[in-house]
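Enquirer: Got a sequence here, can you build the structure:
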Amino acid sequence: MSIYKTIISRRTIRKFKQKDISVDALKRFVNAGRLAPSARNLQPLEYLIVTDNSIKEKIFSTITWAVYLKPGYNPQSGEEPVAYIIVIINDKIAHKAFYQYDVGASVENIILSALEEGVGCCWIASFKKDKLTKILKIPEGYSIDCVLALGYPLENPTSVDIEKEGSIKYWKDPEGRLTVPKRKLEDIMHLDIFKKA
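Expert: Predicted structure coming up:
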């Protein structure tokens, strides 16, 4: 699949087949994240791969899933992520004004490299940070930025264009398929100069 086709086919996955992802594959995904651009080349990001079942259960308990569909769109038993990649900030070297850009570039690299191998991902920033920090024994001077939940997809979300004033909230269609509204290209793209619609 071309890079462009991979990008436009990407959707957030929240329900996963219970099929293991190899540690070698997870390491490849992290390597793709490691090689993303880094502001001032400070490289403040570190990554924790989790495949241990007991730790995965504890991580799962800290996460808030699909806020627009609460309650009822959490992964159920047999749909949980089979691995996690935790993105950690080395606070000693992170530049406070720039590290978020590093996270965005790195996480997108991870998500796309995973998708290229058929692995779905949910990028999560809504979790109990203090609890997860204790579970993972993150030392002082480091902080968890986000959690990536990974697994082979057990769902096939779709996207639809929304009107300018339409809702951005995702929903389930009558068949239960997750549908994600996206702003139309012509509503967000300008050519040569900014033209207010």
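Enquirer: mind showing which ranges of the protein have poor pLDDT?
Expert: Applying pLDDT under 70 to the chain flags the ranges 1, 71-72, 197.
Enquirer: what about the residue nearest to the spatial centre of it, is that helix, strand or coil?
Expert: The geometric centre of the chain, computed from its C-alpha atoms, lies nearest to W123 (C-alpha atoms, centre = their mean), at 1.7 Å. Of the three states, W123 takes strand under DSSP: H, G, I helix; E, B strand; the rest coil.
Enquirer: Assess the claim that it and C146 are in contact.
Expert: Yes: with contact defined as C-beta atoms under 8 Å, W123 reaches C146; the gap is 6.2 Å. Backbone N, C-alpha and C define where each C-beta goes, glycine included.
Enquirer: Neighbouring strands - and their directions - for the lengthiest strand in the chain?
Expert: Longest strand in the chain, counting residues (DSSP state E): strand 142-151. The strands beside strand 142-151 in its sheet (DSSP bridges) come out as strand 83-90 (antiparallel), strand 120-124 (antiparallel).
Enquirer: any chance of those in TSV, plus distance to L191?
Expert: Formatted as TSV, those follow (distance: least, C-beta to C-beta, whole Å):
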stretch	distance to L191
strand 83-90	35
strand 120-124	30
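Enquirer: bridging residues for the residue nearest to the centre of the chain?
Expert: Residues in a beta bridge with W123, per DSSP bridges, are L148.
Enquirer: give the contact list for it.
Expert: T12, V107, I111, C146, L148 (C-beta atoms under 8 Å, 6 or more residues apart in numbering).
Enquirer: looking at the residues you listed, which has the most residues close by?
Expert: I111 (26 neighbours; other C-beta atoms under 10 Å).
Enquirer: my read: it touches L150, true?
Expert: No: applying C-beta under 8 Å as the test, I111 and L150 come out as separate, 9.1 Å apart.
Enquirer: Mutual contacts of the two, please.
Expert: C121.
Enquirer: from the middle of its chain, how far away would stretch 138-152 be?
Expert: Offset of stretch 138-152 from its chain centre (C-alpha atoms, centre = their mean, to the nearest Å): 11 Å.
Enquirer: cool, stretch 25-36 as well?
Expert: Distance, centroid of stretch 25-36 to centroid of chain: 14 Å (C-alpha atoms, centre = their mean).
Enquirer: try stretch 149-164
Expert: On C-alpha atoms, centre = their mean, the centre of stretch 149-164 falls 12 Å from the chain's centre.
Enquirer: What residues of it count as buried?
Expert: Neighbour-count burial for stretch 149-164, counted by 16 or more other C-beta atoms under 10 Å, picks out A149, L150, G151, Y152, P153, L154, E155, P157, I162.
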